[in-house]
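Undergrad: Quick one, what's the 3D model for this:
(3 chains, ligands or ions: 3)
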Amino acid sequence: MNVMQAASAETPTAPHDARYLKNCWYAAWWSCDLPAGEIKARTILNQPLAFFRGNDGGARAIADRCSHRLAPLSMGRLLSNGHLRCCYHGLEFDNDGRCVVNPHTPGVAPTARLDIPSYPVVEKHGIVWVWLGEGKPDATRVPDYACFDGAQERHMSKRDYLRLEAETALVVDNLLDLSHIAFLHDGILGDSAKAEADIKVEHKDDGIIVSRFNADASIPGIFAEFWPDPPQLVDKETAIRWTAPSNLLNDTGVRVRGGDRMTGTGFYGAHILTPETDQTTHYFFAAVRWNVRTQGETDLRIQKNLNELRRFAFEQQDAPVIEAQQRRMNAPGAPKPLFLSIDAGPAQYRRILERMLRAEQEASDPG
Amino acid sequence: MNVMQAASAETPTAPHDARYLKNCWYAAWWSCDLPAGEIKARTILNQPLAFFRGNDGGARAIADRCSHRLAPLSMGRLLSNGHLRCCYHGLEFDNDGRCVVNPHTPGVAPTARLDIPSYPVVEKHGIVWVWLGEGKPDATRVPDYACFDGAQERHMSKRDYLRLEAETALVVDNLLDLSHIAFLHDGILGDSAKAEADIKVEHKDDGIIVSRFNADASIPGIFAEFWPDPPQLVDKETAIRWTAPSNLLNDTGVRVRGGDRMTGTGFYGAHILTPETDQTTHYFFAAVRWNVRTQGETDLRIQKNLNELRRFAFEQQDAPVIEAQQRRMNAPGAPKPLFLSIDAGPAQYRRILERMLRAEQEASDPG
Amino acid sequence: MNVMQAASAETPTAPHDARYLKNCWYAAWWSCDLPAGEIKARTILNQPLAFFRGNDGGARAIADRCSHRLAPLSMGRLLSNGHLRCCYHGLEFDNDGRCVVNPHTPGVAPTARLDIPSYPVVEKHGIVWVWLGEGKPDATRVPDYACFDGAQERHMSKRDYLRLEAETALVVDNLLDLSHIAFLHDGILGDSAKAEADIKVEHKDDGIIVSRFNADASIPGIFAEFWPDPPQLVDKETAIRWTAPSNLLNDTGVRVRGGDRMTGTGFYGAHILTPETDQTTHYFFAAVRWNVRTQGETDLRIQKNLNELRRFAFEQQDAPVIEAQQRRMNAPGAPKPLFLSIDAGPAQYRRILERMLRAEQEASDPG
Ligand code: FES
Ligand code: FES
Ligand code: FES
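TA: Ligands and ions are numbered 1, 2, ... in the order given. Predicted coordinates for the structure are as follows:
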């Protein structure tokens, strides 16, 4: 095969983008949204990627542009032999992005210049994770959502997805800040009329946990259904874990006063964020109940309620405010936001992430 | 209360924007479009503002972004005590933008850093005016639309509003140029087949008046209804007043030949313009008849006709041409417009405004 | 007449835009899409133009902005005396863009400063061509589509038009590259399962011809209808001619094995491209059959099929891929496309065009 303009063939390596942690796993899809036989496009950290399943069923990710004339590979198709064929001129690529067939030069092996960058992928906790960093990916560093492993479907809410027109940091702020719940989700997830206990922030591994404990509280609406015949007053705890760069797990529940966690019930809420572009965010969310005290029809009703409640709260309440916040921040002459005591969580995660970003950048620009 | 990043709290003061006169009143709303109990967003001179009525019923304007994390206050709500509560984390502000409650730090007065800029507002002639300038606002300088004061509703057209995708100057040009009426509004407000008398331009206070007088004219369609049993021929006069920066009042009528104004009838047409952004304009318009010679059903029919005629002329005829003009001016390599004799009005107002802008800028940048 | 700001009247001459060949004819309209009595707007090479027919029926082109305040002339109207009247203030222009009437200064001839640039136009082969270059246009250099002259309508497909959101060069690449047909138009115009013969590239005048000859092929679906009782196997030839800057003519047909062209049948497909802006393209297309072997109802059925087939192939198959390609090329950090052996046509036309552009630019910037 004859590459006519060899000199222009090098893929320019983008310089390290200091805004994003690169050496980490980013959620790309709920596993159930990446069925076999399809090639699906999704941009992550400004990079257009094509996702599909190899013949072994394993999820794969390659750059979503053909090395020839840059047609998106997500517009092509998966052949029965597992090759991806570009829709435009029919170049074929294997599951690792290697160009293996040029139909216009039969009998001649395609040059390696035609290979397409591929990216490490792991599938864990029902999520397809992609690694866009340098060096060897570390499979042990996949964020921990073991709460989903082996969960009964009836105890889970829908594995849901929203695309937000706002930078990822604003969504992390929103989630790590428990104080907004009483106001933005007044009457649904919180109650603006009730004083709340203080917020505690703890460091843990490469993350933080923001939590709040309320003793002797009346049982919130959402838990009344979870717990047939609950006590009059309960202890209530909410703890949200942030793991770098933008993976959150909320653990919220009620319990017998003074008792331990297993005397009550609650749920884990996963909030997994991946930057699409500098101003848009992929938002994956789902909940799973723990220490379930119900069964049968009640489980199904709770499941339906959780689906609707969460979709409503994030799509109709959080998203519009966060997106409006982004527009205000983008306006010329906008003042800087202020950080108050309620922002201890957001302030701390930003500091840790800042430090990790600097460390990564220094490691990548030696000398 | 604990402001964690105090250093970032200063609102940056935008440098004087030489395109806009700042020390003057801008129309923000028809009074009737700002009902009690609502917080309404409107951008003026590129600044997002929130408008509402205080507990005293008076109109107020503050920056439409919370000092905390910049959520728009127009997404919040007015409490019964008159406070504005931010939708996101519940900070409360009084009618002057002072932060008076932080619900997360009960018993501690919020720091003054959380206050939001507020802007002087006056309500006059049925219009809410806002002052975005420096120094003390001068309430005597509200543009004069006394023609509306005490007018009977049946003698007025709808207080109407359009948003134009064009800079304000192009709309002022349009209104100060009486010559376009015969062509752009041919058959509705003018007649392209008829020669018109010369245009006269007079200076008056900080404005100009462009006028045209036609003796012995047949009565134009729009006035035939105003005047049961009119004479065969009438004298016709149109005078449009411009007051800086972009407030116009048209006075158009017919009268007995050689007689004075009170022998005939006519109407005032208000055209009040406020820059939204550099390329968009708020356009407020309404008409009120003077020396009314009709009554009963006829008044109501005329009112309906005026509503429709004016809406049609501005929305379907002026707006598309002005917006197309703007697009042509924005195109790369576009030539400069030419000013002809018919543009005496536009040319003079631009000169006066230019001089006022320079004076204001010099006063604001001493030394 | 009084030009108040004479100094601002000069039309700035844009510097030579090195991306576009200027001294050549560009297709602007199918003749049938420019009926008498209408003024139609079309942007070509980033310049907004107004097209219309003079009283002699001849097509004309002038800048689509009034010299006065830049209102588009395409919003005005053609008077019965052949003048164009601007919709805004009624200036009238003759067919060459000369301002001939200012209705506001009766009896005074308008100044030449009010004239509008006009552009040479020729109408040939059923197409309106415009010349945006410097110097005297050369009517003999109109691209040759004589295949349409005198053709029976029933042997032609619709003179069709698409607007593509991609730069013109990508569309030329698409058309000069015969290899994509088997893949992108698999099952319609080509067959991905069949190996194809080699591509030949010849230079001819200021253009190239890319061709492919397949001996002893089975007759492709599209030709089965053209040829009642065809032989079992045929020779098949496709040749596409590129004429600078972006005019293509495809000639494709089948014939008796070893016989000459007139033993078979086929069609010419015109693909005429004109840059609208740097990222959008006007695409004119139509086909005409040669050596027609059918008649009556069959002709009409073939005509309908050709219309639908071509529209479908270009609108549903080519356009989405070319537009996606453009988006991928625009993305930050996008690699350069590679040129393979199948791109001999695209690579050569780009080289020739490059040379012509340089020559033109040198001639226009002496010294
Ligand atoms: S663009 Fe993919 S094969 Fe040509
Ligand atoms: S953004 Fe307004 S209270 Fe937080
Ligand atoms: S803009 Fe054309 S006549 Fe004024």
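Undergrad: Tell me how many other residues surround the residue of the stretch 201-350 of chain A found nearest ligand 3.
TA: As assessed by C-beta to the nearest ligand atom, ligand 3 sits closest to residue A:332 within the stretch 201-350 of chain A, at 31.7 Å. Any C-beta I mention is one placed from the backbone N, CA and C, and that applies to glycine too. The tally of other residues near residue A:332 (other C-beta atoms under 10 Å in any protein chain shown) stands at 10.
Undergrad: What score does it have for pLDDT?
TA: Predicted confidence (pLDDT) for residue A:332: 86.
Undergrad: And for residue A:205?
TA: We have a pLDDT of 75 for residue A:205.
Undergrad: How much space separates it from residue B:226?
TA: Distance, residue A:205 to residue B:226, by C-beta to C-beta, to the nearest Å: 81 Å.
Undergrad: between these two, which one's more packed in?
TA: It is residue B:226, of residue A:205 and residue B:226, that has more neighbours when counted by other C-beta under 10 Å, with 23 against 10.
Undergrad: Enumerate every residue touching the spatially closest residue to that one that is not a sequence neighbour.
TA: Using C-beta to C-beta, 6 or more residues apart in numbering or on different chains and skipping residues adjacent in sequence, the residue nearest residue B:226 is residue B:265, 4.8 Å away. By C-beta atoms under 8 Å, 6 or more residues apart in numbering or on different chains, the residues touching residue B:265 are B:223, B:226-227, B:253-255, B:289-293.
Undergrad: Of those, just the buried ones, PyMOL syntax please.
TA: Of the contacts of residue B:265, the buried ones can be selected in PyMOL as follows, counting by 16 or more other C-beta atoms under 10 Å in any protein chain shown:
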select buried, chain B and resi 223+226+227+253+254+255+289+290+292
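Undergrad: ok, the contacts of residue B:265 vs chain A, which is closest?
TA: Set against chain A, the nearest of the contacts of residue B:265 by C-beta to the nearest C-beta is residue B:289 (42.0 Å).
Undergrad: OK, contacts around the closest one?
TA: Per C-beta under 8 Å, 6+ apart, neighbours of residue B:289: B:155-156, B:226, B:265-268, B:302.
Undergrad: For the helix or strand of chain A at the bottom of the mean pLDDT ranking, list the C-alpha coordinates in PDB.
TA: Using mean pLDDT, DSSP states H and E, the weakest-scoring helix or strand in chain A turns out to be helix A:221-224, at a mean of 82. Output in PDB follows, covering the C-alpha atoms of helix A:221-224 (Å, rounded to 0.1, in the frame of the first residue of the first chain):
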ATOM      1  CA  GLY A 221     -40.900  10.600  53.600                       C
ATOM      2  CA  ILE A 222     -38.600   8.600  51.400                       C
ATOM      3  CA  PHE A 223     -37.800   6.100  54.100                       C
ATOM      4  CA  ALA A 224     -41.400   5.700  55.500                       C
END
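Undergrad: In terms of helices and strands, where is the residue of the stretch 201-350 of chain A closest to ligand 3?
TA: Counting by DSSP states H and E, no helix or strand carries residue A:332.
Undergrad: neighbours around residue A:108, how many?
TA: 11.
Undergrad: Ignore what I typed, I meant residue A:35.
TA: Residue A:35 has 10 nearby residues by other C-beta under 10 Å.
Undergrad: Apart from its neighbours in sequence, what residue is nearest it?
TA: residue A:53 (7.6 Å).
Undergrad: Output the below-cut-off pLDDT ranges for chain A.
TA: Residues of chain A that meet the criterion pLDDT under 70 lie in A:1-18, A:194-196, A:366-367.
Undergrad: Show me what from it comes close to ligand 1.
TA: Applying C-beta under 6 Å from any ligand atom, we find that chain A lies next to ligand 1 at A:66, A:68-69, A:71, A:86, A:88-91.
Undergrad: Show me how to select, in PyMOL, the buried members of those.
TA: Selection of the buried residues among the residues of chain A next to ligand 1 in PyMOL, burial being defined by 16+ other C-beta under 10 Å:
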select buried, chain A and resi 66+68+69+71+86+88+89+90+91
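Undergrad: So which of the residues of chain A next to ligand 1 belong to helices?
TA: Residues of the residues of chain A next to ligand 1 located in helices (DSSP state H): none.
Undergrad: Nearest to ligand 2 among the residues of chain A next to ligand 1?
TA: Proximity of the residues of chain A next to ligand 1 to ligand 2 (C-beta to the nearest ligand atom) peaks at residue A:71, which lies at 44.2 Å.
Undergrad: That closest one contacts residue C:325, doesn't it?
TA: Yes: the criterion here is C-beta atoms under 8 Å, and residue A:71 meets it with residue C:325 at 5.2 Å.
Undergrad: element containing residue A:306?
TA: Remark: residue A:306 resides in helix A:297-312, with elements defined by DSSP H and E.
Undergrad: So what's the gap between that helix and the chain middle?
TA: 21 Å (C-alpha atoms, centre = their mean, to the nearest Å).
Undergrad: Go through the contacts of residue B:289 and say which is closest to residue B:141.
TA: Nearest to residue B:141 among those is residue B:268, at 20.1 Å by C-beta to C-beta.
Undergrad: distance of the closest one from residue B:203?
TA: Taking C-beta to C-beta, one finds residue B:268 at 21 Å from residue B:203.
Undergrad: So between those two, which is more surrounded?
TA: More crowded of residue B:268 and residue B:203, by other C-beta under 10 Å: residue B:268, with 21 against 10.
Undergrad: quick revisit: in TSV, list the contacts of residue B:289 along with distance to residue B:146 and secondary structure.
TA: TSV is the format used below for the contacts of residue B:289 (distance: C-beta to C-beta, whole Å; DSSP: H, G, I helix; E, B strand; the rest coil):
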residue	distance to residue B:146	secondary structure
B:155	15	helix
B:156	14	strand
B:226	21	coil
B:265	19	strand
B:266	16	strand
B:267	15	strand
B:268	10	strand
B:302	22	helix
